[in-house]
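Undergrad: predicted coordinates and the sequence they were generated for:
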Amino acid sequence: MSGLHTIDRWIRDRARTTPDRVAIDFEGRLVTCRELDEASDALAAAFREAGLRRGDRVATLTPNSPEHVAALFACAKAGTILLPLSFRLSPVELRYQLEDAEPALFLVAEEHEELAAATGHRFHRLERPRPATWSGDVAATDVSDDDPLLLVYTSGTTGKPKGALLTHANCFWTNVGFDLTTGVHQDDVVLQVLPQFHVGGWNVQALLAIWKGARLVLERQFDPARALRLIEEKRVSTMMGVPSTYLFMAQQPEFASADLSSLSRAVVGGAPMPEALLETWAARGVAIVQGYGLTEAAPNVLCLPPHEAARKLGCAGKPYPFVEVRLSPEGELQVRGPNVFAGYWRNQEATAEAFTSDGWLRTGDVAERDDEGFYRIRGRLKDMYISGGENVYPAEIEAVLHEHPRVADAAVVGVEDERWGEVGLAFVVADGVDEEELRDWCLARLARFKVPRSFRFVDAIPRNGLGKIQKDALLVREGL
């Protein structure tokens, strides 16, 4: 049977089973399971009335909100694909993704309408759905397990982002695997601070919480002091963040005295968590569930359960249920399973490069496996660094720097940073330009987290015989 693992079933089943249970607590506004189901029905009907067809893309530019959750379930019901865009991007970056994906509908939250307008694309305001006027059956759409549900763009090593297509089945199985390992329980209160333009904002706790009947305390955006208050006030029992999430919370003056007694599980991903930070949270009685994943795996791959956190400090853990991993001869971690994505949007070449000849997903990350089967991430084959949980590809920044009329050459590397994990350092060959001008140039064309923290002017960028930048030699030459 087709359609057994489609995500529309999750809200329909939950609304039937516990219609009056609170699904989302958003800034004091309580949304029940019935209300969320009806709101997504109304949106799905609106998509039909607007002429959207199965496989059409619905782009969104919005902070976290119940309306955005309803839009995701509406896409699941209508057979359309949600394209959540990052409001951290520049208009130029957003324009590229919109032109590449060609959405049939562009929905924008009021606070981001100016940014949306700068892309030059027509949009509609994302608001609370009105009662459906559609006379047909919203549930009549023939949605299958292998239909795409999410189109999430990831920065590309060639300088252009690629859209990763995640199917209903990808989302279903990654959530089931997560639930079987560290999970979400019906009586949990889940704090979500991760943005919904990341796959982790959906498939690490959020959708699972709604499916299981837990209460999702949804934050418009992350504020570390507010997050600490919410844990105490809402009796939050579990949450997900990137290392900088926990770092900023630990740096708050009230961290030492905050009541964290309800927080039984805290999950971290996006980048390796420093051991000192793990110990800081452990001293407050909170065991951090470490993990590893990537967008193309929807994203869950490895997980270190809380009871192993102290004994296996720094490890990424073992594969989730239904996930297989292996190491290539070069030590690259490779993944196979029903969570692995369908491919890149309209990019067969990149899709082919993402997989081995026998069908395993190449992660580009180097790992090692100990005698007990635990994996530890050691580095990256890809020329990428992670800043505040965000993947940053130097090629994308280098392409922007090369566009400057006075820049002859450029190379960007990630260097350690206590606050963000890693930040960019740009080596530039240029004439008649200073650091401030280059930073402004990048800020106008890139998201702020991609803009190099510092610029160093050099006479030449070392390259090998094929013209490839020798970044190791550059770092050695510059004494880094």
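TA: Here it is on my side, so go on.
Undergrad: name the residues that touch the worst-scoring helix or strand of the chain on mean pLDDT?
TA: The weakest-scoring helix or strand in the chain, judged by mean pLDDT, DSSP states H and E, is strand 375-380 (a mean of 81). The contact list for strand 375-380 (CB atoms under 8 Å, 6 or more residues apart in numbering) reads 272, 292, 302, 314-318, 325, 331, 333, 364-370. Backbone N, C-alpha and C define where each C-beta goes, glycine included.
Undergrad: what's downstream of it, the next helix or strand?
TA: strand 385-387 (DSSP states H and E).
Undergrad: distance between that next one and the chain's centre?
TA: Relative to the mean C-alpha coordinate of its chain, strand 385-387 is positioned 13 Å out (CA atoms, centre = their mean, to the nearest Å).
Undergrad: packing partners of the helix or strand following that strand?
TA: Moving toward the C-terminus from strand 385-387, the next helix or strand (DSSP H and E) is strand 390-392. The contact analysis (3 or more CB pairs under 8 Å, 6 or more residues apart in numbering; DSSP states H and E) places strand 390-392 against no helix or strand.
Undergrad: in strands, which of the contacts of strand 375-380 appear?
TA: Among the contacts of strand 375-380, the ones falling in strands (DSSP state E) are Y292, L302, K318, V325, L333, G364, D365, V366, A367, E368, R369.
Undergrad: buried residues, the biggest helix by length in the chain. List them.
TA: In the chain, taking DSSP state H as the definition, the longest helix is helix 33-49. Residues of helix 33-49 classed as buried: 33-48 (neighbour count, 16 or more other CB atoms under 10 Å).
Undergrad: who are the packing partners of it?
TA: Identification of packing neighbours for helix 33-49 by 3+ CB pairs under 8 Å, 6+ apart yields helix 8-17, strand 22-26, helix 66-78.
Undergrad: rewinding a little: just the buried ones among the contacts of strand 375-380, please.
TA: 272, 292, 302, 315-318, 325, 333, 364-367.
Undergrad: pick out the lowest-pLDDT one from those.
TA: pLDDT is lowest at P272 among those; the value there is 72.
Undergrad: over to E232. Which of the three states is it?
TA: Three-state assignment for E232 (DSSP: H, G, I helix; E, B strand; the rest coil): helix.
Undergrad: what stretches of the protein score poorly on pLDDT?
TA: 1-2, 131-140, 155-159, 379, 382, 464-468 (pLDDT under 70).
Undergrad: in it, what residue sits furthest out from the centroid?
TA: Farthest-out residue of the chain from its mean C-alpha position, per CA atoms, centre = their mean: G432, at 38.8 Å.
Undergrad: can you tell me how far it sits from R265?
TA: Separation of G432 from R265 (CB to CB, to the nearest Å): 55 Å.
Undergrad: and Q251, by the same measure?
TA: As judged by CB to CB, Q251 and R265 stand 22 Å apart.
Undergrad: mind listing the helices for the stretch 201-350 of the chain?
TA: Here the stretch 201-350 of the chain has its helices, by DSSP state H, counting those that start in this stretch, at 206-212, 224-234, 243-250, 275-283, 348-354.
Undergrad: mind checking which of the ones you listed is nearest V69?
TA: helix 206-212 (7.5 Å; CB to CB).
Undergrad: now for that closest one, which elements pack on it?
TA: Using 3+ CB pairs under 8 Å, 6+ apart: helix 206-212 touches helix 8-17, helix 66-78, helix 168-181, strand 189-192, strand 215-218.
Undergrad: right, and these - which one's nearest A473?
TA: Proximity to A473, assessed across the helices and strands packed on helix 206-212 by CB to CB, is greatest for helix 168-181 (40.0 Å).
Undergrad: run the angle between that closest one and helix 66-78 for me.
TA: Calculated by axes from the mean of the first three to the mean of the last three CA atoms, to 10 degrees, helix 168-181 forms an angle of 120 degrees with helix 66-78.
Undergrad: could you tell me the end-to-end distance of stretch 10-24?
TA: 15 Å (CA to CA, to the nearest Å).
Undergrad: use 794 as the first number for this chain going forward.
TA: Got it, the first residue is 794 from now on, which makes the last one we talked about stretch 803-817.
Undergrad: give me the contact list for it.
TA: With CB under 8 Å, 6+ apart as the contact definition, stretch 803-817 has outside contacts at 823-831, 833, 859, 862, 866, 869, 932, 1000, 1003-1004, 1006, 1008-1009, 1011.
Undergrad: how about that stretch: buried residues?
TA: So stretch 803-817, judged by 16+ other CB under 10 Å, has buried residues W803, I804, R805, R807, A808, V815, A816, I817.
Undergrad: of those, which pair is most distant in space?
TA: Farthest pair in the buried residues of stretch 803-817 (CB to CB) is R805 and V815. Separation: 17.6 Å.
Undergrad: centroid residue for this protein?
TA: Note: the chain centre (CA atoms, centre = their mean) maps to H991, 2.4 Å.
Undergrad: which residue packs closest to that residue, ignoring adjacent ones?
TA: V945 (7.3 Å; CB to CB, 6 or more residues apart in numbering).
Undergrad: tell me who's in contact with that neighbour.
TA: By CB under 8 Å, 6+ apart, the contact set of V945 is L876, P877, G956, A957, L959, F990, H991, V992, T1088.
Undergrad: find the helix or strand that it is a member of.
TA: Judged by DSSP H and E, V945 forms part of strand 941-947.
Undergrad: A909 now?
TA: Element membership for A909 (DSSP H and E) is helix 906-911.
Undergrad: try G1152
TA: Per DSSP H and E, there is no helix or strand for G1152.
Undergrad: can you check R888 too?
TA: According to DSSP H and E, R888 maps onto helix 884-894.
Undergrad: cool, D1202 as well?
TA: strand 1200-1210.
Undergrad: D1052 contacts I1024, doesn't it?
TA: Yes. Assessed by CB atoms under 8 Å, D1052 is found in contact with I1024 at 7.4 Å.
Undergrad: neighbour count: the two, which is higher?
TA: Applying other CB atoms under 10 Å to D1052 and I1024 shows that I1024 carries more neighbours, namely 24 against 12.
Undergrad: got phi/psi on D1252?
TA: Main-chain torsions, D1252, degrees, to the nearest 10: phi -80, psi -30.
Undergrad: against D1224, how distant is it?
TA: 11 Å.
Undergrad: and those two? Which one has more around it.
TA: A direct count of neighbours by other CB under 10 Å for D1252 and D1224 places D1224 higher, at 9 against 6.
Undergrad: Q979: how many residues sit nearby?
TA: Counted with other CB under 10 Å, residues neighbouring Q979 total 11.
Undergrad: what separation is there between V1035 and R809?
TA: With CB to CB as the criterion, V1035 and R809 are 35 Å apart.
Undergrad: number of residues surrounding the closest residue in space to I1179 that isn't next to it in sequence?
TA: Excluding the flanking residues, the one nearest I1179 by CB to CB, 6+ apart is A1064, at 4.1 Å. Here the count is done by other CB under 10 Å, and A1064 has 21 residues near it.
Undergrad: tell me if I'm right that A1064 and P1036 touch.
TA: Yes. With contact defined as CB under 8 Å, A1064 and P1036 form a contacting pair (5.4 Å).
Undergrad: now the common contact residues for these two.
TA: Residues touching both A1064 and P1036 (CB under 8 Å, 6+ apart) are G1182, G1214.
Undergrad: what two of the ones in strands among the contacts of strand 1168-1173 are the furthest from one another?
TA: The largest separation in the ones in strands among the contacts of strand 1168-1173, counting by CB to CB, is between K1111 and G1157 at 20.3 Å.
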